[in-house]
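Asks: build the 3D model from these lines:
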Amino acid sequence: MKSVRTQYVNFEYLWDVLINIRNAQETITVKGNIMTKSDSNKLVHGVLLLILAINIFSVFNLGAYKSAVSAGDACGLYGYLPAFFIEHDFEFIRELVGHVEDYSGAQAGAYVNKYTSGVAMLQSPFFGMGHLAAKVLGAPQDGYSYPYILALVFSIQFYVFMGLFLLSKVLKNYFKPTVVATVLIILALATNLFFFTNLSNQMSHGDLFFLYALLIYATERWYANPNWRMAILIGFSGGMMTIIRPTDILAMVIPIFYGLTDRQAVTARVAVFKKYWPQLLLAVFFFALASVPQLLYWKTVAGQWLYYSYRNEGFDFSNPHIWGGLTDGKNGWLRYTPIMIFALLGIRFLFKKKTWLWPVLLFLPVYIFVVYSWHNWFYINSFGSRPMVGPYALLAFPLGYFVSFAFAKKWSKIVFLVLVVFFSGLNIFQTCQERWGISSTEYASNAYYWKVFGKTKMDYAMLSTYDSNVDQPRKVKILSTIYDNKMDDTTKAHLDFVKYHSPPAALKLNNQNHTLHLVEKPLKDFKSGQYLKISGWFYTEDFVSWWTSAEIIGYIDEGGDKTIWRSMWIQNKIAAEKSAFSLRGQQTKVWGEVYFYYRIPKGFKPDDMLHVYIANNHPSTVWVDDLKVEVCERL
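Replies: Numbers count the residues shown, from 1 in each chain. Purely as a prediction, here's the structure:
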C-alpha cells in the first residue's frame, strides 16, 4: 500500500486501507514486555477515519443536535459561554427560563447554575468559532443560532476522535494492530459512547472519554520519559475530569499506580517521585488550576468558594444499587452495552500483564460502588449507564487482552468478530430507537426491553408495558364484565353534558375532582393468572408532560400494605390513530380509547383486596367516558 506523505485527510488512502484490510500485514517486535508495531499503521488510521466518517454521518442523520442545548444537563453545561461572553449575566437569566429546577437558590435573589463549567471550558474554542461564523454569516450572535450549534457538533466529534486517537497511541504498545483496531471499533460503535457522540452529544461523557484517554496517554509518556509537558497534561486532564464530575477524581489512581508490577517497581517508583518532585508539583498545580474558573463563579454568585449546587440530591452509600446499575432495564450498564462483559472477563489477563493491573483493580470496584450509590442510580437522560462512558478508555486494556485471547485461534476470532458486528449493529439500532421515540431506557423495565427488542414502530402494547413495567398482552379473551359506567347517572357531580364520547355526559377529572374508584374486590373472586382489562374513552385539551399525566392504577391491599402496585399514564395514549403512539406524545382535542391490563398475582390470601381506580392530581382536566373493567385471559 502507498505511504501517506500529506497531512490532510487522504480519502484515496482510506479507500486503499479498507479495500486491503484483510491483507494488512503486521510486523511485531518485542521490547521488554511491551510489543511495538512497525512504522506501518495504516489499519489503525483507516479504522479511526472510518469511525469519524460514521459518526459525522450519524450525528447529522439522527438530527438531535438541532436542539442539543435547549434543555436539561446540556443547557446548564453549555450555558456558561453565552451567559458570560454574550449576555454578561452570571445568574443565567436567559438560560433559567423554563429550567428553574436545574438551578439552586444561593444568596437572596440569586441563582446558581447546578452544573459545573468544565464542559464549557472544553467547548470554548468551538464557541469562539461559532461566534465568528455567526458574524460572517449574518446569523444572530446569541449563542444559540445555527453556527453555534454546528460548532458544538464539531466540538464533541473532535474530542471523541482525539480520545480514540490518543488511546490508539497507547494500545499499540501492547497489542497487534488488528486488536487495536477491533478495540477502537468496539468502543466507538458497540458501546453507548456512540449515543453520547451522536445523539445526546452535548452531555459531558464524550468529553470525559477524551480526558481519560489524555490522562492515560500522558501517564505512559511521562513514565517513559519524565518531562514538564506530560506532567502538565496529567494535572490538567485530572483536574478537568474532577471539575466536570467530582466522582472521576478516582481516576487519579491511574498515574499513581500505573506500572507497579512488583516490589522492585514500587521501590523504583518512589525514587522517580523523589527525583522529579518539581514536575509532580507542577501536575498538582495544573490540577488545581483547572478548578479556578468554577471556584470564582461560585464565589461571585453563591458567596462561597465551595458550593454544593445539587441541593437535595446526593449519595446513599448504605444502599448502593450495584446489581441494578449493571443489569437493570433502567439503564443497566451491561444490559445496554453487553459487549463490555468481555472487558470484565479480560481483567484476568491483567494478573499476567501487570502494567495496568492496579489502576483497573483499584479504580473499577470503588468507582462502581460510588456511582451506583447516587440517589438516581439509573441516571436519567441517558442510554445505558452514562457514568461508565469515560472509564471505557481504561477498560480498553482488559478488553484488548480479551480480544487478543479471542484472536489466538481462527474459529474463535471469527466468532468474536461476528459478535462485534452484532453488538455494534444492536447498539446503533437501539440508539435509533431512542431517537424514534420507541425506547426510553431511563425508566424502562426488563419486560419493556424485550417488548421493543428489534422493533421499528411503537404499538399500544409496547407503550403500556413501558408505563406498567410488566408485559402487556396484545390479545385476550373476555370472560366477564364487573364494572360498566357510561356516565348516565345525571345526578352525579362534575359531569360535562357538552363534551362526551357517548351521551349523555362525560366525567371531568382534575385536581378538584381527582379520583374515580372502579373496583374493590377480594382476590377470591378471581383466579391467579387472569387479567383485568380496565378501559375507557378519554379526552384532553392540554398537552402535558408524562410525569403530570393522569393514571390508571391497580394494587393489592395486603393487610394494610399496598403491594403489586401497577399504573399506566393516560394522556400519552389518547390518539385518534394507532400510528400516533409514542412514549412522550399525545393528541389533544380528540377522544381516544385507553386500556390497561392488571394481572391477578399468585400467593396472596383470598381476602386480600384488589383496588382499581383512576387518578388525576394535576390541574389539567381529563374527560372520562364509557369506563369498563372486564375479566379476561391471555391468548
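
Asks: buried residues, stretch 149-162. List them.
Replies: Ile149, Leu150, Ala151, Leu152, Val153, Ser155, Ile156, Gln157, Phe158, Tyr159, Val160, Phe161 (16 or more other CB atoms under 10 Å). Every C-beta, even on glycine, is put in place using the N, C-alpha and C of the backbone.

Asks: stretch 302-310 too?
Replies: Ala302, Tyr307, Ser309.

Asks: now do stretch 291-299
Replies: Counting neighbours by 16+ other CB under 10 Å, the buried set in stretch 291-299 is Ser291, Pro293, Gln294, Leu295, Tyr297, Trp298.

Asks: now tabulate those in JSON lines and tack on distance to Thr116 and pLDDT.
Replies: Below are the buried residues of stretch 291-299 laid out as JSON lines (distance: CB to CB, whole Å; pLDDT from 0 to 100):
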{"residue": "Ser291", "distance to Thr116": "9", "pLDDT": "95"}
{"residue": "Pro293", "distance to Thr116": "9", "pLDDT": "95"}
{"residue": "Gln294", "distance to Thr116": "5", "pLDDT": "95"}
{"residue": "Leu295", "distance to Thr116": "10", "pLDDT": "95"}
{"residue": "Tyr297", "distance to Thr116": "9", "pLDDT": "91"}
{"residue": "Trp298", "distance to Thr116": "9", "pLDDT": "90"}
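
Asks: what comes into contact with the helix or strand containing Gln264?
Replies: In this structure, Gln264 sits in helix 263-275 according to DSSP states H and E. With contact meaning CB atoms under 8 Å, 6 or more residues apart in numbering, helix 263-275 is reached by Tyr223, Pro226, Gly259, Leu260, Leu280.

Asks: just the buried members of those?
Replies: Gly259, Leu260, Leu280.

Asks: ok, the longest strand belonging to the chain: who's next to it in the sheet?
Replies: The residue-count maximum for a strand in the chain (DSSP state E) belongs to strand 622-634. Paired strands of strand 622-634, with direction, are strand 476-485 (antiparallel), strand 506-509 (antiparallel), strand 531-540 (antiparallel) (DSSP bridges).

Asks: after the last one comes which helix or strand?
Replies: In this case it means strand 531-540. strand 551-558.

Asks: the residue most distant from the middle of this protein, which is it?
Replies: Thr491 (51.5 Å; CA atoms, centre = their mean).

Asks: look up how far Pro504 lies from that one.
Replies: 12 Å (CB to CB, to the nearest Å).

Asks: same thing with Phe90?
Replies: Counting by CB to CB, the gap from Phe90 to Pro504 is 60 Å.

Asks: tell me which of the two has more neighbours.
Replies: Neighbours per residue (other CB atoms under 10 Å) separate Phe90 from Pro504, with Phe90 holding more: 16 against 12.

Asks: now the more buried one, what's its secondary structure?
Replies: coil (DSSP: H, G, I helix; E, B strand; the rest coil).

Asks: what about the nearest residue to it once chain neighbours are set aside, neighbour count?
Replies: In this structure, Phe90 finds its nearest non-sequential neighbour in Val301, 5.3 Å apart by CB to CB, 6 or more residues apart in numbering. Look at Val301: counted by other CB under 10 Å, it has 19 neighbours.

Asks: surely Val301 meets Asp89?
Replies: No. Val301 is beyond contact range of Asp89, at 10.4 Å (criterion: CB atoms under 8 Å).

Asks: pull out the buried positions in whichever helix or strand Leu52 is part of.
Replies: In this structure, Leu52 sits in helix 42-62 according to DSSP H and E. Judged by neighbour count (16+ other CB under 10 Å), helix 42-62 contains these buried residues: 42-52, 54-56, 58-59, 62.

Asks: now Asn225: phi and psi?
Replies: phi -160, psi 90 (degrees, to the nearest 10).

Asks: can you tell me the closest non-neighbouring residue to the residue positioned nearest the centre of the chain?
Replies: Nearest residue to the geometric centre of the chain (CA atoms, centre = their mean): Ser382, 2.2 Å. Distances taken as CB to CB, 6+ apart put Asn331 closest to Ser382, at 5.3 Å, once the chain neighbours are dropped.
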